[in-house]
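Student: my questions are about this predicted structure, shown below with the sequence.
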Amino acid sequence: MSGATDAPMRRQAVRFGAPAVVSEMVAGETLAKARPDVVRRTCRHEGAGFWIVQLAARRPGDMLAGAKLMAEAGVDVIDINMGCPSKEVTGGQSGSALMRDLELAGEIIDAAIEGAGARPVTLKMRLGWDDTLRNAPALAQIAERKGVQMLTVHGRTRCQFYAGAADWSAVRETVDAVALPVIVNGDIRDAASAREALRQSGAHGVMIGRAAMGRPWLPGEIAAALDGRRWRMPDMAAQCDSLAEQVADSLALYGSSLGLRMARKHVAAAIDHLALPLPAAERRALRSELCRIEDPAELTRALRAVYLERIPEELV
């Protein structure tokens, strides 16, 4: 979710009832150098919910430095990333590459806990590196012994990347291996898939990732369904206000030029999910048209025209 779960998106997710939101992954070594683009990724979102920052590192010293910095900044929870499958991350021996070296993984966990001080540390992983090394239960037991307080398991190996279907049932081995709460992740798109993921895995909760792009209310919707609470889909006016706020927050965080570019992925995803009675080709054309607008005020006006003028009256 790099470039996606920034502070503007997280603000909207908690606005619509997400119980917890997690920052983009940040490398401990670059955070320690205080690069402005890296520091922005850790920004606290406005509104309710814990401030959770996800850190990655290939050296214990880098994790220690990053965790200390975030603890000093007042973060509520530090989440260790041992699940990212990207070649850029695993090539540096961090992310899910650490599942091939459990001794080093343990040292990085120790460093995160030391740097975090009294703050909780959690860990996200995959089932393993590949089908010959599905060692999530072993890593989970190491993490539990060292003091990690919660685990999240994506139901694929690193070498699967995002291909095929997440194997929720395979997460049950990790659930059974530890006494910690375990969260299941991967391919959770709605309340039905969340319930099925919980049934198959025996996990204690779900994490939603890519499916929330363009639908920041989705985590809140799923949480309400799992809790048995009534939930009402935001109408088109509320959806439009939310997207306009996200664009404005992006401009404030990144500056006008970069902020507009960062917001475009969210605009495109929102149009993909919008209840517009348009053929696929016209929807793509509309998305492209909106993402070419260079003036923020013009973009906001165009979004309001789409949401409040082109939508069928009964949906507004």
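Tutor: Thanks, I have the structure now. Residues are numbered from 1 along each chain as shown.
Student: residues making contact with stretch 199-212?
Tutor: 1, 4, 13, 152-153, 155, 162, 168-169, 171-172, 175-176, 181-186, 188-190, 194, 197-198, 218-219, 222, 226 (C-beta atoms under 8 Å, 6 or more residues apart in numbering). Placement of C-beta: from N, CA and C, glycine included.
Student: again, 6 Å this time
Tutor: 1, 152, 168-169, 171-172, 175, 181-185, 188-189, 194, 197, 218-219 (C-beta atoms under 6 Å, 6 or more residues apart in numbering).
Student: mind listing which of these are in strands?
Tutor: Within those, residues falling in strands by DSSP state E are 152, 182, 183, 184, 185.
Student: ok, how many other residues are close to the fourth one?
Tutor: Read that as residue 184. By other C-beta atoms under 10 Å, the residues close to residue 184 number 29.
Student: could you pull out the strands for the stretch 1-150 of the chain?
Tutor: 21-27, 51-56, 77-82, 121-126, 150-154 (DSSP state E, counting those that start in this stretch).
Student: can you tell me which of these is nearest to residue 251?
Tutor: Between residue 251 and those, the shortest separation by C-beta to C-beta is 18.1 Å, and it involves strand 21-27.
Student: elements contacting that closest one?
Tutor: Here strand 21-27 touches helix 7-15, helix 36-41, strand 51-56, going by 3 or more C-beta pairs under 6 Å, 6 or more residues apart in numbering; DSSP states H and E.
Student: for the second one, packing partners?
Tutor: Taking 3+ C-beta pairs under 6 Å, 6+ apart as contact, the helices and strands that helix 36-41 lies on are strand 21-27.
Student: how about CSV for the ones in strands among the contacts of stretch 199-212, with pLDDT and distance to residue 119 added?
Tutor: Formatted as CSV, the ones in strands among the contacts of stretch 199-212 follow (pLDDT from 0 to 100; distance: C-beta to C-beta, whole Å):
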residue, pLDDT, distance to residue 119
152, 98, 17
182, 98, 20
183, 98, 18
184, 98, 24
185, 98, 22
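Student: still on that earlier bit, put the buried members of the contacts of stretch 199-212 into a PyMOL selection.
Tutor: Buried residues within those, by 16 or more other C-beta atoms under 10 Å, are selected in PyMOL with:
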select buried, resi 1+152+168+171+172+175+182+183+184+185+188+194+197+218+219
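Student: for the ones in strands among the contacts of stretch 199-212, which one is nearest residue 54?
Tutor: residue 152 (10.1 Å).
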